[in-house]
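Peer 1: sequence first, predicted model second:
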Amino acid sequence: MHIFRISELSRHIGQEVTVRGWLYNKRSSGKLRFLLVRDGSGIVQTVTFQGDVSEAVFEASDRVTQESSISVTGKVAEDKRSPGGVELQVRDIQIHQIAPEYPISPKEHGSAFLMDHRHLWLRSSKQHAILKIRHEIIRASRDFFDSQGFVLVDAPIFTPAACEGTTTLFETDYFGEKAFLTQSGQLYMEAAAMAVGRAYCFGPTFRAEKSKTRRHLTEFWMIEPEAAFMDLEGDMELAENYVAHIVHRVLDERKEELKVLERDTAPLEAVQTPFPRISYDEAVRILHEKGLPFEYGNDFGAPDETAISENYDRPVMVHRYPAAIKAFYMKKDPADPTKALCVDMLAPEGVGEIIGGGQREDDYDTLLASIDKHGLPVSAFEWYLDLRKYGSVPHAGFGLGIERTVGWICGTPHVRECIPFPRMMHRLTP
RNA sequence: UCCGGAGUAGCUCAAUGGUAGAGCGGGUGGCUGUUAACCACUAGGCUGGGGGUUCGAGUCCCUCCUCCGGAGCCA
């Protein structure tokens, strides 16, 4: 018996093969039964003619229900009438298990219902395509940083205190002590960069904010590179090369999936380096020119980000925000100490921020004063201050949100579909 | 936490204050090439919970619950 995956069938025309999978859909006409079988690699139509098979096999073709698990044996044939152009002319059907009425029908459903059945929803073709593109983005990310001499250094999930002291964190009991789920691996990557020169981490991060928007999850994945002897300019160059790399990789390797998602690839093809770089002040000018009621000194809201990115056909990098609205570890611009040497990358098509980063404060006394000014407990940051005590160097890095990036590239407006099992304010199951 | 919206069949949705409905899905039957097949028949309901107004409430009022979208926060 020759067992093949459905994606390989076009190379075995005329041969008798067995495919193993699940019933995707079923149609019939008189003495013909059309079973659409999916196996994770693709979907193939199988044809059973009553006159060609035993009574038991024909009966099996009637009895299988949506998502029942089956093995089908038959001859591979080219046929224009079959979706995909290839079909399997059935000789034998083996039923592994008959599924009772499947909750997800081929018609439309609401997002809450689908999320309640996320474990089954993953079997549908669009969700499938998103998972594969997510995988490709992660693979391309690793390839990119590995090839640039970055060392993968895993950051801890349990942390003793707030990394940045701004957002609300999930608190857990750690043998009678308070511990928090990490909101960023950055501080640890700074330590790693001082050890290996260039480091990155990729892992889950947690925010206990009660956000209910298409851009937010309570648990999301970030990739965070950090490099010693790097300034803001170098950081922006790294960020644009990285983002361009993953977009090109998906365009090259995941054409089929983008097609399944009906993604217009023209905006993705426009993503070429260099990306435009504008200062916060210039971005504010754009908003005011467009007549948006934006107050200088504030951070940009979602409509502001959209208005700024509308001016460009590729991601735009906005740098040098007011230091007052940024985290304590940001280095101030020597040319204007009211500004921070930071950068946000805004993706086009109304997606908004996918990257936040910048150059870190590398002077011991300045950092100490900043920790104090932000009302953070110095004791919790003693190890972090050590990095400025023992061989401090200029260094920079950034964090990229994987789900937002997947959403942008897939053209999926809501990040909840960009992670296998999303965790949101009102969603802890499945 | 704030501002909007929605809860009716397994799902997606209809229903002037006057007998609870359709499509899909399920079941049964029909059709020798179906394409989210089609045709016929069929089962399926405490209209989110509680209270009120009314001769009469899915519909109007109060309240609670759940969810959705957005804001803030950020990736």
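Peer 2: Happy to help now that I have it.

Peer 1: for RNA strand B, give me its nearest residue in chain A.
Peer 2: residue A:30 (1.9 Å; C-beta to the nearest atom of the strand). Glycine gets a C-beta too; all of them are placed from N, C-alpha and C.

Peer 1: which stretches of the stretch 101-250 of chain A form strands?
Peer 2: Assigned by DSSP state E, counting those that start in this stretch, the strands in the stretch 101-250 of chain A fall at A:151-152, A:158-159, A:171-174, A:177-181, A:198-206, A:219-228.

Peer 1: how about those strands in JSON lines, adding mean pLDDT?
Peer 2: Supplementary listing: the strands of the stretch 101-250 of chain A in JSON lines, determined by pLDDT from 0 to 100:
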{"stretch": "strand A:151-152", "mean pLDDT": "98"}
{"stretch": "strand A:158-159", "mean pLDDT": "90"}
{"stretch": "strand A:171-174", "mean pLDDT": "88"}
{"stretch": "strand A:177-181", "mean pLDDT": "88"}
{"stretch": "strand A:198-206", "mean pLDDT": "96"}
{"stretch": "strand A:219-228", "mean pLDDT": "96"}
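
Peer 1: so which of the ones you listed comes closest to residue A:91?
Peer 2: Between residue A:91 and those, the shortest separation by C-beta to C-beta is 45.5 Å, and it involves strand A:219-228.

Peer 1: what's the local residue count around the residue lying closest to residue A:242 once chain neighbours are set aside?
Peer 2: Nearest in space to residue A:242, with sequence neighbours left out and distances taken as C-beta to C-beta, 6 or more residues apart in numbering, is residue A:144 at 5.5 Å. Neighbour count for residue A:144, taken as other C-beta atoms under 10 Å: 21.

Peer 1: next one: residue A:144 from residue A:100, what distance?
Peer 2: In this view, residue A:144 and residue A:100 are 46 Å apart by C-beta to C-beta, to the nearest Å.

Peer 1: in terms of secondary structure, what does the lengthiest strand in chain A contact?
Peer 2: Criterion DSSP state E: the longest strand present in chain A is strand A:16-29. For strand A:16-29, the helices and strands in contact under the criterion 3 or more C-beta pairs under 8 Å, 6 or more residues apart in numbering; DSSP states H and E are strand A:32-38, strand A:43-49, strand A:69-78, strand A:86-97.

Peer 1: residue A:262 is nearest to which of the ones you listed?
Peer 2: When those are compared by C-beta to C-beta, strand A:43-49 sits nearest residue A:262, at 16.8 Å.

Peer 1: does any bit of that closest one sit next to RNA strand B?
Peer 2: Yes. With C-beta under 7 Å from any atom of the strand as the threshold, strand A:43-49 lies in contact with RNA strand B, specifically through A:45, A:47, A:49.

Peer 1: run through the residues that contact residue A:217.
Peer 2: Taking C-beta atoms under 8 Å, 6 or more residues apart in numbering as the contact definition, residue A:217 lies against A:403, A:415, A:416, A:419, A:422, A:423, A:424.

Peer 1: wait, residue A:158
Peer 2: Residue A:158 makes contact with A:172, A:174, A:179, A:180, A:181, A:182 under the criterion C-beta under 8 Å, 6+ apart.

Peer 1: now with 6 Å?
Peer 2: Applying C-beta atoms under 6 Å, 6 or more residues apart in numbering, one finds that residue A:158 lies in contact with residue A:179.

Peer 1: with only the CA atoms kept, save stretch A:284-300 in PDB.
Peer 2: Included here for stretch A:284-300 are C-alpha records, laid out as PDB according to Å, rounded to 0.1, in the frame of the first residue of the first chain:
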ATOM      1  CA  VAL A 284       2.600  65.600  14.600                       C
ATOM      2  CA  ARG A 285       2.800  68.000  11.700                       C
ATOM      3  CA  ILE A 286       1.200  65.400   9.400                       C
ATOM      4  CA  LEU A 287      -1.700  65.000  11.900                       C
ATOM      5  CA  HIS A 288      -2.200  68.700  12.200                       C
ATOM      6  CA  GLU A 289      -2.100  69.200   8.400                       C
ATOM      7  CA  LYS A 290      -4.800  66.500   8.200                       C
ATOM      8  CA  GLY A 291      -6.800  68.500  10.800                       C
ATOM      9  CA  LEU A 292      -6.800  65.800  13.500                       C
ATOM     10  CA  PRO A 293      -7.300  67.100  17.000                       C
ATOM     11  CA  PHE A 294      -3.900  65.900  18.300                       C
ATOM     12  CA  GLU A 295      -2.200  67.600  21.300                       C
ATOM     13  CA  TYR A 296       1.600  67.800  21.000                       C
ATOM     14  CA  GLY A 297       3.300  65.800  23.700                       C
ATOM     15  CA  ASN A 298       0.800  62.900  23.800                       C
ATOM     16  CA  ASP A 299       1.300  59.400  22.400                       C
ATOM     17  CA  PHE A 300      -0.400  58.500  19.200                       C
END
